[in-house]
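[1] What would the 3D arrangement of this be:
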Amino acid sequence: MKQLNSIDAAFLYLESAKAPMHVGGVYIFEKPEGKDQFNYKEFRDFIGSRIHQVDMFRQRLVEVPLNLGRPYWAKDPDFNLDFHLAHMAVPQPGGLKELMALAGRIFSRPLDRGRPLWEMAFVEGLNGIDNLKPGSFAVIAKAHHAAIDGMSGATMMAAIFDMFPKPVKVKPEEKPFKGEKIPHGLKLITKSTGKALNTPLKVLKFAKNTAVSTTSTVIEAAKKKVKAPPRLFSSPKTLFNVPVTHNRIFSGSWVELDRIKAIKNKVEGTTINDVVLTICSGALSKYLKGKKNPPKKSLVAMAPISVRSESKKNAGGNQISGMLVSLATDEKDLLSRLHAINTSSKGSKVYSKAVGAEQMMDLVPSQLASLASRLYTTMGVSEMHNPLYNLIITNVPGPPIPLYLNGAKMRAIFGLSPLFDGMALIITVFSYSGRVYFGLASCQEIMPDIDDLSEYIKDALTELEAAVNKKKTKKQKA
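    Numbering: from 1, shown residues only. Have a look, this model is predicted:
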């Protein structure tokens, strides 16, 4: 058995009936060439032939009684693939709106902790999506955030997808899968209690490492002349900084990657991520302005960043940190906004190195972390303070080439991420095969018009392009 790290366990502690902590996506495929259709049986058999490549697919959670220690992963002795796959169809006309509504219902339901924490739904009936062949299908996949982050999730999907229409032959398992014997509660408590005795030593080591890291960060920040990132709890309150509800709602939008690259190339010193954040900033500004109550202070986004080393690229779990970035929504000039976001991002990247999130979480006893999470939700604490930050914008670089599922070409991918109290909007950005896909998640009662925000993303890109080209034209004339 392998014990969860502190960040992985935190996603379990954060989970509640109205805030399931799973991540995943909506994957849209066109039917394979030369086939009348691609049916559920083929899908089920294909998934079954691939999952042995990644341990997480057949590992279940083993929780320590009374939360006296972080849970463990163990090979599930009762693993049954059919409990993780479903066969569904979207209501007609079978467009993206109907598909996203189905994804919302699927993502509203927590995963069963007595089984490996993932599910996939094979979805037929996609007859209303432009330029999609009849017989095309989608896969709605979800896995608990305790098991994966963006990069390890990509590794999982790499075990399923191929880079060519003809599937690569995967070597079958040499031995039949055999699960582990799940230890009884007393043994788990004894095992975890022994590790808890190391906490005082961890505190001393953490204090020493933090002092060294903070000092080096301050020196690096001074050398690079970067500003400190926005502070926690300094963000203005918005309509999506409220307790979440049970009902998930999703929307999806996409733009061409070349358009984003063109802006980055024309505005010296900026990055693709800066442009993506500026697009999100523009869309959010327009959306909140339409609500007649836009905040005067700038919105602040938390942007997760991977700290996964090369040696751990195929490991499961979370290897992430995060940085707070000002979205400069109080800046009306779009070019100035882009530069402000670039400046904020540079400072945040430097300061995010000061304190390791995993090391800090490692000092908190598991029973205390679990209790604090429950109290935070049940007592409505999120309404008693300014938001930690306004929303999460996670940007995951995907493959630049098409992927295939048993010969079926993936046409689109929308990443979906969890919400929690005080944070009822998350934008998951995923680049794939020349496009950048924006997956938006909120709650039906909080943002019933989330499709408007999705459309504003396209508008924001067009407006930023115009601002950049106008500035360049002025320079050329001068």
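
[2] Burial check on the closest residue to residue 20 other than its chain neighbours, number of neighbours?
    The shortest distance from residue 20 to any non-neighbouring residue, by C-beta to C-beta, 6 or more residues apart in numbering, is to residue 110 (4.1 Å). Placement of C-beta: from N, CA and C, glycine included. Residues lying near residue 110 (other C-beta atoms under 10 Å) number 16.

[3] What of residue 437?
    Residues near residue 437, counting by other C-beta under 10 Å, number 22.

[4] can you check residue 68 too?
    The number of residues packed near residue 68 is 17, by other C-beta under 10 Å.

[5] in which helix or strand would I find residue 232?
    Following DSSP states H and E, one finds residue 232 outside all helices and strands.

[6] ok, it - contacts?
    Shown in contact with residue 232 (C-beta atoms under 8 Å, 6 or more residues apart in numbering): 324, 388, 389.

[7] quick one: which of those sit in strands?
    Taking DSSP state E as the definition of strands, the contacts of residue 232 contribute residue 324.

[8] which residues of the protein score low on pLDDT?
    149-155, 191-227, 305-321, 350-385, 472-478 (pLDDT under 70).

[9] What ranges does it have for its helices?
    6-14, 40-48, 96-107, 150-160, 185-196, 199-224, 257-266, 272-290, 334-351, 357-361, 366-378, 450-477 (DSSP state H).

[10] So what's the residue count around the closest residue to residue 290 other than its chain neighbours?
    Nearest residue to residue 290, sequence neighbours excluded (C-beta to C-beta, 6+ apart): residue 452, at 7.3 Å. Close neighbours of residue 452, defined as other C-beta under 10 Å, add up to 14.

[11] Tell me the spacing between residue 452 and residue 458.
    Per C-beta to C-beta, to the nearest Å, residue 452 is found 11 Å from residue 458.

[12] Kindly report the same for residue 411.
    Relative to residue 458, residue 411 is positioned 18 Å away (C-beta to C-beta).

[13] Equivalent analysis for residue 252, please.
    Taking C-beta to C-beta, one finds residue 252 at 12 Å from residue 458.

[14] and if you look at residue 110?
    Here residue 110 is placed at a distance of 33 Å from residue 458 (C-beta to C-beta).

[15] looking at the contacts of residue 232, which has the most residues close by?
    Among the contacts of residue 232, the one with the most neighbours (other C-beta under 10 Å) is residue 389, at 25 neighbours.

[16] Help me confirm that that one comes into contact with residue 301.
    Yes. Contact criterion C-beta atoms under 8 Å: residue 389 and residue 301 qualify, at 6.4 Å.

[17] shared neighbours, these two?
    residue 324.

[18] so what's residue 61 up against?
    12, 71, 72, 73, 113, 117, 146.

[19] nearest to residue 332, of these?
    Nearest to residue 332 among the contacts of residue 61 is residue 146, at 41.6 Å by C-beta to C-beta.

[20] Give me the neighbour count for that closest one.
    Here the count is done by other C-beta under 10 Å, and residue 146 has 28 residues near it.

[21] Could you list the buried residues of stretch 160-179?
    160, 161, 162, 167 (16 or more other C-beta atoms under 10 Å).

[22] hmm, I was thinking of stretch 117-135
    By 16+ other C-beta under 10 Å, the buried positions in stretch 117-135 come out as 117-126, 128-129, 132, 135.

[23] Give me the distance between that stretch and the centre of its chain.
    Taking C-alpha atoms, centre = their mean, to the nearest Å, one finds the center of stretch 117-135 at 21 Å from the center of the full chain.

[24] Stretch 78-88 too?
    23 Å.

[25] Please apply the same query to stretch 246-264.
    Distance of stretch 246-264 from its chain centroid, counting by C-alpha atoms, centre = their mean, is 14 Å.

[26] For that stretch, C-alpha coordinates in PDB please.
    Below are the C-alpha coordinates for stretch 246-264, written out as PDB (Å, rounded to 0.1, in the frame of the first residue of the first chain):
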ATOM      1  CA  HIS A 246     -25.200  20.400  -5.700                       C
ATOM      2  CA  ASN A 247     -26.000  21.100  -9.300                       C
ATOM      3  CA  ARG A 248     -23.000  21.500 -11.700                       C
ATOM      4  CA  ILE A 249     -23.200  23.400 -15.000                       C
ATOM      5  CA  PHE A 250     -20.600  23.400 -17.700                       C
ATOM      6  CA  SER A 251     -19.900  25.300 -20.900                       C
ATOM      7  CA  GLY A 252     -17.200  25.000 -23.500                       C
ATOM      8  CA  SER A 253     -15.500  27.400 -26.000                       C
ATOM      9  CA  TRP A 254     -12.400  27.200 -28.200                       C
ATOM     10  CA  VAL A 255     -10.100  29.400 -30.200                       C
ATOM     11  CA  GLU A 256      -7.200  28.800 -32.600                       C
ATOM     12  CA  LEU A 257      -3.800  28.500 -30.900                       C
ATOM     13  CA  ASP A 258      -2.200  30.500 -33.700                       C
ATOM     14  CA  ARG A 259      -4.200  33.600 -32.800                       C
ATOM     15  CA  ILE A 260      -2.900  33.400 -29.300                       C
ATOM     16  CA  LYS A 261       0.700  32.900 -30.400                       C
ATOM     17  CA  ALA A 262       0.400  35.800 -32.800                       C
ATOM     18  CA  ILE A 263      -0.400  38.200 -29.900                       C
ATOM     19  CA  LYS A 264       2.400  36.700 -27.800                       C
END
